[in-house]
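K.L.:
Please find the sequence and the predicted model below.
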Amino acid sequence: MAHNGTTQNGVAEEIPALPFPEPVKVQDIRHTKIFINNEWLTSSSGRTFPTFNPATCVKICDVEEGDKEDVDNAVKAAKAAGQRGSPWRKMDVSSRGKLLHMLADLVERDRVLLATLETLDTGKPFLQSFFIDLDGSIKTLRYYAGWTDKIQGKTMHVDESFMCLTKHEPVGVCGAIIPWNFPLLMFMWKIAPALTCGNTIVIKPAEQTPLTALHVGSLIKEAGFPPGVVNIIPGFGPTAGAAIASHMDIDKVAFTGSTEVGQLIKEAAAKSNLKRVTLELGGKNPCIVFADCDLQMAVEETQRGAFYNQGQCCTAASRVFVEETIYDEFVRRSVENAKKIVMGDPLDPQTTHGPQIDQQQFDKIMDLIESGKNEGARLEYGGAAVGEKSLFIQPTIFSEVKDHMRIAKEEIFGPVQCILSFKSQRKAVERANSTQYGLVSAVFTTSMDKALSVSAALDTGTVWINCYNNLHVQIPFGGCKMSGNGRELGEYALAEYTEVKAMIIKLSETL
Ligand code: ADP
């Protein structure tokens, strides 16, 4: 069977024949326990927690609930695995790369199962899991596999009586706390650069979506990583997550999630052992659409940016500023474009839009949609829940959105596109920057000059020009202001996972 699909970059492509997934049965889900030292353990507390399919609200299975004691055990294992003289520490760097490639091979082998598990646990359309999340995960592993033997220091000349050099050493035990919107991809974004640099890891998947991470645990063991190098603790934020953030023997923590929790993590890190912290947090990302743009392309890209993954993206294009002269046409075409979205069973390859992740997120989004209606934005499309007891929300478009409205200020994390209008370029940039967030932004124009001057003035970690959500493993990703600190992906991420040691050697004699 072949399907017409769309890549993340919006390029239509013929998707090769796919083994359409058989529904995964509970008995097929083999990994629901805590993964420490390459072993599967029950929780120290004896507790488990359920994980649900958001498309049906039916429980998929129970998972062992890790807590502080389990985190302690995982940290002990990670510390031992990374200590000097350990097999992992002594491993030659090419072999380290080979292990990462082996893990990529195994993820490729289990691609259908992983994509199916991801769709069951998150509700995201299967083809998006299969192509975008799995593709990104495999590329991340392979990209960083290529870096293991290229982690290099420098030599510095001081004067003839000294030899000075730097060595890039592992930071140590790296904690990672990841969200539910891209569970597998975020797992790879965290473990791949950390392993490349020789660290060991204790990682907690989000409580809503633990299944793909746990399956990858089995692949890590199968690939041949030494015990303790990667440890996975399913569990909740305020318990297992907080234990990671405040642990005295974790040397660095990488977090992706909400700005509020990011603040808690940084506080816990400061109050414990001042561990290094990298944060990838929220966004209220502006797009500036100029009258001279390729209009249809801008409509499609900004809308994909708003609705991709049911709007559950830190990069969601939630404020679209459109130049006044093309505003009405832009809104009209955006509504037309939204009509092509297919809501339905996420496992059906025709489906392009699934449910929100859980009731809490659903309620928050519906509250913001109501606020948009009440504050005077014009509802152009959607704006309602689908069915009685479901987590599906119609893709929603508001026009005539004003900067003071809640939908223009707060991160919605749902399928809501807010379209604002602007007259002056200077004002548009000022309004775009007028937020606590600084993750991504986009500019749509055919003028090179305008694209460059406007993108230079936008206070965000990424600016897309005539495209959206264009993420590549080679390109650094991360935010400024309250969207976070540090960069993931690309060469830049390596600096987050290495400690630079300076060595200064005094020569006994200068000749
Ligand atoms: P979202 O709002 O998107 O659910 P969160 O920031 O709440 O995002 O969650 C992202 C990750 O942070 C999840 O793995 C969650 O369990 C974890 N988390 C939540 N609260 C805390 C906390 N107090 N300390 C550490 N981790 C937490």
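P.N.:
Received it, and whenever you're ready, just let me know what you need.
K.L.:
Who's the closest spatial neighbour of the closest residue to the ligand within the stretch 351-500 of the chain, skipping the chain neighbours?
P.N.:
At 6.6 Å from the ligand, residue 413 is the closest residue in the stretch 351-500 of the chain, using CB to the nearest ligand atom. (Glycine included, C-beta is placed from N, CA and C.) Take residue 413 and drop its neighbours on the chain: the residue closest to it by CB to CB, 6 or more residues apart in numbering is residue 312, 5.5 Å away.
K.L.:
my guess is that neighbour contacts residue 355, does it?
P.N.:
No: judged on CB atoms under 8 Å, residue 312 makes no contact with residue 355 at a distance of 10.2 Å.
K.L.:
those strands in the stretch 201-350 of the chain, which residues are they?
P.N.:
Residue ranges of the strands in the stretch 201-350 of the chain, as given by DSSP state E, counting those that start in this stretch, are 230-232, 252-256, 276-280, 286-289, 319-323.
K.L.:
Please name whichever of these is nearest to the ligand.
P.N.:
Nearest of the strands of the stretch 201-350 of the chain to the ligand, taken as CB to the nearest ligand atom: strand 252-256 at 6.6 Å.
K.L.:
and the angle for the closest one with strand 276-280?
P.N.:
On the basis of axes from the mean of the first three to the mean of the last three CA atoms, to 10 degrees, strand 252-256 is oriented at 10 degrees to strand 276-280.
K.L.:
Mind exporting the C-alpha coordinates of stretch 140-148 to PDB?
P.N.:
C-alpha atoms of stretch 140-148 as PDB (Å, rounded to 0.1, in the frame of the first residue of the first chain):
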ATOM      1  CA  THR A 140      20.400  11.800  15.800                       C
ATOM      2  CA  LEU A 141      22.000   8.500  16.900                       C
ATOM      3  CA  ARG A 142      24.000   8.300  13.600                       C
ATOM      4  CA  TYR A 143      25.000  11.900  13.600                       C
ATOM      5  CA  TYR A 144      26.400  11.700  17.200                       C
ATOM      6  CA  ALA A 145      28.000   8.300  16.400                       C
ATOM      7  CA  GLY A 146      30.200  10.100  14.000                       C
ATOM      8  CA  TRP A 147      31.300  12.600  16.600                       C
ATOM      9  CA  THR A 148      32.700  10.100  19.200                       C
END
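K.L.:
for it, the distance to its chain's centre please.
P.N.:
Offset of stretch 140-148 from its chain centre (CA atoms, centre = their mean, to the nearest Å): 18 Å.
K.L.:
pLDDT of it, averaged?
P.N.:
For stretch 140-148, mean pLDDT rounds to 98.
K.L.:
Quick check: the residue of the stretch 351-500 of the chain closest to the ligand touching residue 363?
P.N.:
No: Residue 413 is not in contact with residue 363 according to CB under 8 Å; the separation is 11.8 Å.
K.L.:
picking that back up, single out the most deeply packed of the strands of the stretch 201-350 of the chain.
P.N.:
strand 230-232 (a mean of 30; mean count of other CB atoms under 10 Å).
K.L.:
does the ligand sit close to that strand?
P.N.:
No: using CB under 6 Å from any ligand atom, no contact is recorded between strand 230-232 and the ligand, whose separation bottoms out at 12.0 Å.
K.L.:
if you take the average position of the chain, which residue is closest to it?
P.N.:
Nearest to the mean C-alpha position of the chain, counting by CA atoms, centre = their mean, stands residue 186 at 4.6 Å.
K.L.:
before we move on, what SS does that residue have?
P.N.:
Secondary structure, DSSP: H, G, I helix; E, B strand; the rest coil: residue 186 is helix.
K.L.:
surely it meets residue 178?
P.N.:
Yes: if you go by CB under 8 Å, residue 186 and residue 178 touch, sitting 4.1 Å apart.
K.L.:
what touches both of those two?
P.N.:
residue 256 (CB atoms under 8 Å, 6 or more residues apart in numbering).
K.L.:
interface residues of the stretch 201-350 of the chain facing the ligand?
P.N.:
Checking the stretch 201-350 of the chain against the ligand by CB under 6 Å from any ligand atom, the hits are 204, 206-207, 236-238, 241-242, 245, 257-258, 261, 264-265.
K.L.:
Most neighbours among the residues you listed, which one?
P.N.:
Neighbours here mean other CB atoms under 10 Å. Within these, the largest count is held by residue 204, at 29 neighbours.
K.L.:
And that one, how far from residue 177?
P.N.:
Relative to residue 177, residue 204 is positioned 5 Å away (CB to CB, to the nearest Å).
K.L.:
Can you check which residues contact both of those two?
P.N.:
By CB under 8 Å, 6+ apart, the residues touching both residue 204 and residue 177 are 241, 244.
K.L.:
Which pLDDT value goes with residue 12?
P.N.:
In this prediction, residue 12 carries a pLDDT score of 38.
K.L.:
ditto for residue 28
P.N.:
74.
K.L.:
which residue packs closest to it, ignoring adjacent ones?
P.N.:
Leaving aside its chain neighbours, residue 28 sits nearest to residue 113 (7.9 Å; criterion: CB to CB, 6+ apart).
K.L.:
Quick check: that neighbour touching residue 218?
P.N.:
No: applying CB under 8 Å as the test, residue 113 and residue 218 come out as separate, 10.8 Å apart.
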